[in-house]
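Colleague: Let me see the structure of the following:
(4 chains)
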Number of protein chains: 4
Amino acid sequence: MAQRRLRLGMVGGGRGAFIGAVHRIASRIDDRWELVAGALSSDAERARLSGEDLGIAPDRAYSDFREMARAEAAREDGIDAVSIVTPNHMHAEPAIAFLEAGINVICDKPLAATPEQAQRIAEAVAAARARFILTHNYTGYPLMRQAREMIARGDLGEIRLVQAEYAQDWLTESVEATGNKQATWRTDPTQAGAGALGDIGTHAYNLLSFVTGLRPEALLADLQSFGAGRQVDDNAHVILRFQNGARGMLWASQVAPGNENGLRLRIYGTKAGIEWHQENPNVMTFAPLGEAKRILTRGGAGLGGGSNQFTRVPPGHPEGYLEGFATIYSDAADLIAGTGDGALLPGIEAGLDGMWFIGACQESSQRGNVWVAR
Amino acid sequence: MAQRRLRLGMVGGGRGAFIGAVHRIASRIDDRWELVAGALSSDAERARLSGEDLGIAPDRAYSDFREMARAEAAREDGIDAVSIVTPNHMHAEPAIAFLEAGINVICDKPLAATPEQAQRIAEAVAAARARFILTHNYTGYPLMRQAREMIARGDLGEIRLVQAEYAQDWLTESVEATGNKQATWRTDPTQAGAGALGDIGTHAYNLLSFVTGLRPEALLADLQSFGAGRQVDDNAHVILRFQNGARGMLWASQVAPGNENGLRLRIYGTKAGIEWHQENPNVMTFAPLGEAKRILTRGGAGLGGGSNQFTRVPPGHPEGYLEGFATIYSDAADLIAGTGDGALLPGIEAGLDGMWFIGACQESSQRGNVWVAR
Amino acid sequence: MAQRRLRLGMVGGGRGAFIGAVHRIASRIDDRWELVAGALSSDAERARLSGEDLGIAPDRAYSDFREMARAEAAREDGIDAVSIVTPNHMHAEPAIAFLEAGINVICDKPLAATPEQAQRIAEAVAAARARFILTHNYTGYPLMRQAREMIARGDLGEIRLVQAEYAQDWLTESVEATGNKQATWRTDPTQAGAGALGDIGTHAYNLLSFVTGLRPEALLADLQSFGAGRQVDDNAHVILRFQNGARGMLWASQVAPGNENGLRLRIYGTKAGIEWHQENPNVMTFAPLGEAKRILTRGGAGLGGGSNQFTRVPPGHPEGYLEGFATIYSDAADLIAGTGDGALLPGIEAGLDGMWFIGACQESSQRGNVWVAR
Amino acid sequence: MAQRRLRLGMVGGGRGAFIGAVHRIASRIDDRWELVAGALSSDAERARLSGEDLGIAPDRAYSDFREMARAEAAREDGIDAVSIVTPNHMHAEPAIAFLEAGINVICDKPLAATPEQAQRIAEAVAAARARFILTHNYTGYPLMRQAREMIARGDLGEIRLVQAEYAQDWLTESVEATGNKQATWRTDPTQAGAGALGDIGTHAYNLLSFVTGLRPEALLADLQSFGAGRQVDDNAHVILRFQNGARGMLWASQVAPGNENGLRLRIYGTKAGIEWHQENPNVMTFAPLGEAKRILTRGGAGLGGGSNQFTRVPPGHPEGYLEGFATIYSDAADLIAGTGDGALLPGIEAGLDGMWFIGACQESSQRGNVWVAR
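Modeller: Sure thing, here's the model as predicted:
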């Protein structure tokens, strides 16, 4: 085999977890990784059983991530990277432990539950010789990479407007009160650090930054908690001002009935506009001013971009969420194996920028919806 | 004939005008009106020729709207109502003249170019025995009336979120500099009073108020003028707070390439959400929480509302902009003829509310994007 | 007035009728016609009351169409044209009477209920100095005229495939047994002559012919009557062979739940394909081989055709069924007034071709689904 | 590990092949399989290199499938199943060899290039103790399984109409003349056995059978070869008659510009209709007669079916072609491991039925488009 499969470990993601399973499928799709170790749960018995489920050798099914970091670093066949798929407040400790052990880290978003945690991760990244990758997976969608390329080469002219949104409905009612595990930690300020803002708002924010290459110089936010007794935001209205004079709006909501995972991006420049919706990600419209709007399809006719390299099946055969996620894992494999430069991979900078976004929104809202500069 | 056709006059709308022709078609569709008089232009020759084009008798083709108001009021077969379709700054004088003459007024929106003009119209309305109707025509779309009815009876539960937008692209470049007549007056602060905000923002604002029955208690706006040399806003980002605790965003833009007349309304309550788009107005989705989303069609199966009375052709046969506009004219005929109560018709209150919206947005933006209360 | 309004009469379309009201609205939209006479019902009292409803002078509210033809032909201010909006089997007698009286005829489709009736109309048309127009109204949609123009100039290359369909669901159950007036005559072989085939199949057939300029040299059909006790077809599957080697399928159905007025046309050539759907008629896709698909909008950017002359409001403001129908009436006015050549208007030839289509489908189906040549 | 990964071999699918890579990804997604052996090419060097690419041990990278069948059957850790991903005319020999060796076969569709080949496979299946699975992968889409379940339980009433189609455009021009490898074998009568009919028509045919549970009793077809010099069909128009009196149309085309992989299914019964399109497979509409149409989403609200078990990520996060394909592989694993009954898996019967479909279409077309009974 020209390229051996890289060895992957995982922290979190044991029985009953959601995002861990997604990371595992994503890592398998392009056959660049094999899962060989895990600290899948802090409960020893659960860790053991979860390891068994996943075909991990018993001696590599750890119940303590620090032990795992030590042991794997010491093995000749130790893991090439670890995926951290714990709740937000549990990112920092394992990330730092593995980075310090010289092991590459693939971390779920947002970076952390608090700025302090985020800062400590950043310091560990700076000090480490290992890589740090943050799974803002929507950047793996081929058409989002196509959009980024088109904007970078000027197809839209100067960007003036960005309308980003991510709407869901699963927290319309206070399902956290019913014992729903996902809802419970995601609406707990300590574990999550923020609500809709952190969970999905950071995705919308990251994606607009990735695609446009723009950073806001300031933002103004109005956060709400509609769910009865809810202690984190479940809806966020944000106005953005970018360096180049562009303006934007961002809406994140978990209380909008009829929306499943409504991540939408619309970008308008002096020469053209594009629109894209995550729920049908194989299609993007491109509207050059004064011409008929084009329907660009993933890998399809007239795309004229380099995004084709990120597709697996012919146009018209839909790829989805897992394939986009898989591209992050494959890019990570390339970066770690030295066969790619990881130029499109979100890392610590994107993570810190997301933390700035969360913090600035919270500050703006608390101070009466004033502008908060970067 | 059980109901005679009402007699309509028109101020403005001569050769080369746009919205006047729309009003005339709208008035004809349901055969409730006949156009018999006009002050179609302040230029006498143009007024005469325009009258000829439209089959208006020469003695009723006036070049002065004050003379027209006097003369028509004096005729036994005088007009039942006058449509005012001049640029915004030319609404007040004719409206007041006809109201004072006891003639019903159907006025294009926004109400006026300045608060002072608006105020004078309001005083004339209050003093008059005649009716005043403002053509916020999108309220004539059957599915918008359906939505209003559904919200009023609680199908959506308590309203929490309103996302309204009206996006166009025709002012992406500074076409006013090329002599485009529509662009010229609509971007002239004196004639228009505001840009995107007045021209289309007020439509989005009016529609969300009409449908939800909610009034904002405060708003915060960020206005831009992207077009080179442009003196009015061509893009507006607005955050809204409603009496009942609901929140909203409103986006109006004339610089978003690929958008023709993208008026969209999305409303979310505790029990359900609805979404509608003007460009395909015969369809509205209704998503009851925890159930499959429904596609409601104009006059279609399972509508369960009284909106069917506002349709002309069977479901699946699209009605459009002109039919929605015609419903305003037909409702006006009913109101004036005493065969309807005009309960759904926008009037002076809607007009003043729109002026508040424009003024509050301008004030908020000028003062650094602060909340402006009603 | 440069152009006087033409004077219109109507046969059929009294109280309770459907298509008569559509014709009247269509005739009003562009202000080219005024309705001044009618034989709206063969019942004298009903004719009188219907005339009153519509503001027709009592002496021109006839109860006998022959009397109407005579009287109107004799008047100096007699009608310029008559609209015939009776059930299919009642087209021939009035059409012939008015044609013989030298009065132009605008006739609803299909041409007749039987080939013999159709033939007699054709003979009257040939002998008359008056015009005969058949309201295949879908040809009035601007984008269908755009498509015709694009195909004629070769934008699609050589046409290979035509997929046409018109699906409804209103006859899924045997509603004719419940006294539904529309269902009753439309499922009566004597009055209608055919079922789905005549009512909507001829529309799909006419539209594909209009747009492509192709005539089938043969067809093969499989007709069904799914409704219990139904004596006419309510579903038709047809395969078509065209002169130039192109092939096609046509599906007409009134028993397909979820379809309101699903008239769709898809045409594929050696160089490009187009797709259009009547329920959202302001949009048509155009897919040049090897390039991104374009979304063409009515009157919109990059249309590059002459279809803009058939629109009334700016792109993005939807026009619908009534406006398309109105264009037929306006073209008819131009033809009759001598201000247009009526080149796009369906006439007797289209009518006879539609009768061939019906007859050939019936013959094919009865003979065991064999090819029937023209 | 509760369930060990099953061991997979592959015949065909070496460097430069298309469908082999799809099978491999599909087999990995749910982690039920590991690829351990292959006869990836009949060229020894290419077989060796392809094996290396895929991490197959050198001694299991065979260049002869018969040797592979013998050797794997003899190993204690021999493969549990083999995937056959060669061109159609190369299915029979390896399928028979592995079946005779007692090894389960997962075979790409259509079953074979000729009826004789198909018959020999069927005999081998009948004689074998091993399983035979045919990868009609579209049956793995959750919403297609949902549709099957809904129809089986009567949600649509008695089925009356099926409209199936699969349209592509990649063979609009004679790309086989340019050396395109996929086009070359797929348009070669010897290798493919049929053109659009076998490649995609059988998919549409299989899917409609799977979903409705209906088998046609007869069909009538009109086949064309539009591409210059093409020796197989590239377009097929088919009319279908089902046992229960239902009727259908099926259209398969590879010459319809603008269509990528337009597999669409529309089914109408006495009580409701459903519509689905492969290019956005996470959505299906369900229209109960007389009620508003529902938008059913994969795994979404109000689905009311057992199809949720076939999804991996939450509703709104799109799954695509590869996930549907993966479900076939996971069901196959369950069947082989004894943890499932494979009730939803296409097998030899579906394969023979597809061959009947191809043969009957060809016969009908050659005999002048007559009905061919089963």
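Colleague: show me the contacts for A:Ala221.
Modeller: A:Ala221 makes contacts with A:236-239, A:360-362, A:364-365, A:369, A:372, as judged by Cβ atoms under 8 Å, 6 or more residues apart in numbering or on different chains. Any C-beta I mention is one placed from the backbone N, CA and C, and that applies to glycine too.
Colleague: mind redoing it with 6 Å?
Modeller: A:238, A:361, A:364-365 (Cβ atoms under 6 Å, 6 or more residues apart in numbering or on different chains).
Colleague: show me where chain A has strands.
Modeller: Using DSSP state E, the strands of chain A run over A:6-11, A:33-39, A:81-84, A:104-107, A:132-134, A:159-167, A:216-224, A:235-242, A:247-253, A:262-269, A:272-277, A:283-288, A:293-297, A:372-373.
Colleague: closest one to C:Arg32 among those strands?
Modeller: strand A:293-297 (33.7 Å; Cβ to Cβ).
Colleague: neighbours of the residue of the stretch 151-300 of chain A found nearest chain C, just the number please.
Modeller: Nearest to chain C, among the residues of the stretch 151-300 of chain A, is A:Ala292, at 3.6 Å (Cβ to the nearest Cβ). Neighbourhood size, A:Ala292 [other Cβ atoms under 10 Å in any protein chain shown]: 21.
Colleague: Look up how far B:Ile121 lies from it.
Modeller: Look at A:Ala292 and B:Ile121: by Cβ to Cβ, to the nearest Å, they are 42 Å apart.
Colleague: How about A:Leu6?
Modeller: 73 Å.
Colleague: who's more crowded, the two?
Modeller: Per other Cβ under 10 Å, whichever of A:Leu6 and B:Ile121 has more neighbours is B:Ile121, with 26 against 20.
Colleague: per-residue confidence for the more buried one?
Modeller: B:Ile121 is assigned a pLDDT of 98 by the prediction.
Colleague: how about the strands of chain A, which one is nearest C:Arg70?
Modeller: C:Arg70 sits nearest to strand A:293-297 of all the strands of chain A, at 56.0 Å, using Cβ to Cβ.
Colleague: Where is the longest helix in chain A?
Modeller: Ranked by residue count and defined by DSSP state H, the top helix of chain A is helix A:348-366.
Colleague: tell me what that helix is packed against?
Modeller: helix A:115-127, strand A:132-134, helix A:202-212, strand A:216-224, strand A:372-373 (3 or more Cβ pairs under 6 Å, 6 or more residues apart in numbering or on different chains; DSSP states H and E).
Colleague: how about those, which one is nearest C:Pro281?
Modeller: helix A:202-212 (33.3 Å).
Colleague: From the contact counts, what lies against that closest one?
Modeller: Looks like helix A:202-212 contacts helix A:142-152, strand A:159-167, helix A:348-366 (3+ Cβ pairs under 6 Å, 6+ apart).
Colleague: Could you confirm whether the shortest one reaches chain B?
Modeller: Yes. Strand A:159-167 is in contact with chain B by Cβ under 6 Å from any Cβ of the partner chain, via A:Arg160.
Colleague: That strand pairs with which strands, parallel or anti?
Modeller: strand A:247-253 (parallel), strand A:262-269 (antiparallel) (DSSP bridges).
Colleague: Roughly how far does the closest residue to A:Leu111 other than its chain neighbours sit from A:His91?
Modeller: Distances taken as Cβ to Cβ, 6 or more residues apart in numbering or on different chains put A:Gly351 closest to A:Leu111, at 3.4 Å, once the chain neighbours are dropped. Distance of A:Gly351 to A:His91, computed by Cβ to Cβ: 9 Å.
Colleague: Also A:Arg4?
Modeller: Here A:Arg4 is placed at a distance of 28 Å from A:His91 (Cβ to Cβ).
Colleague: Look at these two and report which has more neighbours.
Modeller: Per other Cβ under 10 Å, whichever of A:Arg4 and A:His91 has more neighbours is A:His91, with 27 against 11.
Colleague: Quick check: phi and psi on the more buried one?
Modeller: Dihedral angles of A:His91 (phi, psi; degrees, to the nearest 10) stand at phi -80, psi -40.
Colleague: What confidence value was assigned to it?
Modeller: Here the pLDDT value assigned to A:His91 is 98.
Colleague: go on, A:His317?
Modeller: On the pLDDT scale, A:His317 gets 98.
Colleague: I'd like to know how far it sits from A:Tyr166.
Modeller: A:His317 is 26 Å from A:Tyr166, where distance means Cβ to Cβ.
Colleague: show me the contacts for the spatially most central residue of chain A.
Modeller: Geometric centre of chain A, nearest residue: A:His136, 2.0 Å, by Cα atoms, centre = their mean. Shown in contact with A:His136 (Cβ under 6 Å, 6+ apart): A:109, A:206, A:346.
Colleague: so how many other residues sit close to the residue in the stretch 151-300 of chain A that chain D sits nearest to?
Modeller: At 2.5 Å from chain D, A:Glu260 is the closest residue in the stretch 151-300 of chain A, using Cβ to the nearest Cβ. If you count neighbours by other Cβ under 10 Å, A:Glu260 ends up with 23.
Colleague: Now A:Ala152: closest residue in space, sequence neighbours ignored.
Modeller: In space, A:Ala152 is closest to A:Gly213, 6.3 Å off (Cβ to Cβ, 6+ apart).
Colleague: correction: A:Phe242
Modeller: Per Cβ to Cβ, 6+ apart, closest to A:Phe242 is A:Leu214, 4.5 Å.
Colleague: okay, the one you found: pLDDT?
Modeller: On the pLDDT scale, A:Leu214 gets 97.
Colleague: burial count for the residue lying closest to A:Arg145 once chain neighbours are set aside?
Modeller: Counting by Cβ to Cβ, 6+ apart, the nearest residue to A:Arg145 once its immediate chain neighbours are dropped is A:Ser307, at 4.7 Å. A:Ser307: 22 surrounding residues under other Cβ under 10 Å.
Colleague: Check A:Gln366 too.
Modeller: Counted with other Cβ under 10 Å, A:Gln366 comes out at 11.
Colleague: now do A:Phe18
Modeller: Applying other Cβ under 10 Å, we find 12 other residues in the vicinity of A:Phe18.
Colleague: Is A:Ile274 in contact with A:Pro288, as I believe?
Modeller: No. Contact criterion Cβ atoms under 6 Å: A:Ile274 and A:Pro288 do not qualify, at 10.1 Å.
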